[in-house]
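K.L.:
Give me coordinates for this.
(one chain, ligands or ions: 1)
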Amino acid sequence: MSVTVKSASEIERMREAGRLLEIVHDELAKIIRPGISTWEIDHEGEKMIRSFGCTPNFLNYNGYPASICVSVNDEVVHGIPKKSRILKEGDIVSLDAGLIYKGFHSDAARTYGVGKISPEAQKLIDVTRESFFRGLEFAKAGNHLHEISAAIGNYAESFGYGVVRDMVGHGIGRALHEDPQIPNFAQKRRGIRLVPGMTLAIEPMIDAGTWEVEWLDDEWTVVTADGSLSAHYENTILITDGEPEILTLSH
Ligand code: CO
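P.N.:
Predicted coordinates for the structure are as follows:
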């Protein structure tokens, strides 16, 4: 296992990769509405990433066929955009996006309600986002990685939610997926010690019901085993001497 520590100039490129990805998410948030297809979301996202002179890092990653993962309702992650998949009022939709700027990757996900959604769905979205921030409180030099994991998982589980176990957050930099893996629930071991210059993609995937998931026949789309709703929230962050810096979120 090799965890990379970024130099000052590498961090500058990671910051720009994150800043541009935040713009992509902010713009995509504006087009979410009943009647839009998941394909259109991917199309707009890819266009924007390329307009920045960046490369979509998910496209063709292990054969994934799109630039933005669009996962609806019981789809946890890696939903494949389709012209025939039309969002409707009351759905929740997770957008996971990433890009490469001057050789450095960024990765972030958001979950939105489509039109008016149920209070239960809104609570799942809010708790998933908040679980990221609970974890972030432990993302400090000298702490151990799994303090982040436990804080995320314990918070989400306190609502009776299922924390997805089959997929984890990850280091990020010159590659989309670097060491270490970052589980979203308490671990037996304490994990690596955090050092300034590490860049991490922390990404809780939280289910309203069971944590167990299944794969659809397209071999990408991950769904909850019990059909319950699922939400995803992710940012790329930088470990510093003090507070962590969220590279994909400035406001
Ligand atoms: Co990720």
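K.L.:
Could you pick out the residues of the chain near the ion for me?
P.N.:
Neighbours of the ion within the chain, by CB under 5 Å from the ion: D107, A201, E203. For glycine as for every other residue, the C-beta is placed from the backbone atoms N, C-alpha and C.
K.L.:
where do the helices sit along the chain?
P.N.:
Counting by DSSP state H, the segments of the chain that form helices are 8-31, 38-51, 119-136, 145-157.
K.L.:
Using PDB, list the CA coordinates for the first one.
P.N.:
Extracted in PDB, the C-alpha atoms of helix 8-31 (Å, rounded to 0.1, in the frame of the first residue of the first chain):
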ATOM      1  CA  ALA A   8       2.900  22.400  -3.000                       C
ATOM      2  CA  SER A   9       2.700  22.600  -6.800                       C
ATOM      3  CA  GLU A  10       0.700  19.300  -7.000                       C
ATOM      4  CA  ILE A  11      -1.700  20.700  -4.400                       C
ATOM      5  CA  GLU A  12      -2.200  23.800  -6.600                       C
ATOM      6  CA  ARG A  13      -3.300  21.500  -9.400                       C
ATOM      7  CA  MET A  14      -5.500  19.500  -7.100                       C
ATOM      8  CA  ARG A  15      -7.200  22.700  -5.900                       C
ATOM      9  CA  GLU A  16      -7.900  23.800  -9.500                       C
ATOM     10  CA  ALA A  17      -9.200  20.300 -10.400                       C
ATOM     11  CA  GLY A  18     -11.500  20.600  -7.300                       C
ATOM     12  CA  ARG A  19     -12.600  24.200  -8.100                       C
ATOM     13  CA  LEU A  20     -13.600  23.300 -11.700                       C
ATOM     14  CA  LEU A  21     -15.500  20.200 -10.500                       C
ATOM     15  CA  GLU A  22     -17.500  22.300  -8.000                       C
ATOM     16  CA  ILE A  23     -18.600  24.500 -10.900                       C
ATOM     17  CA  VAL A  24     -19.700  21.400 -12.800                       C
ATOM     18  CA  HIS A  25     -21.800  20.200  -9.900                       C
ATOM     19  CA  ASP A  26     -23.300  23.700  -9.300                       C
ATOM     20  CA  GLU A  27     -24.300  23.900 -12.900                       C
ATOM     21  CA  LEU A  28     -25.700  20.400 -13.000                       C
ATOM     22  CA  ALA A  29     -27.800  21.100  -9.900                       C
ATOM     23  CA  LYS A  30     -29.600  23.800 -11.900                       C
ATOM     24  CA  ILE A  31     -30.800  21.400 -14.600                       C
END
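K.L.:
what inclination does that helix have with respect to helix 38-51?
P.N.:
Orientation note: helix 8-31 sits at an angle of 140 degrees relative to helix 38-51 (axes from the mean of the first three to the mean of the last three CA atoms, to 10 degrees).
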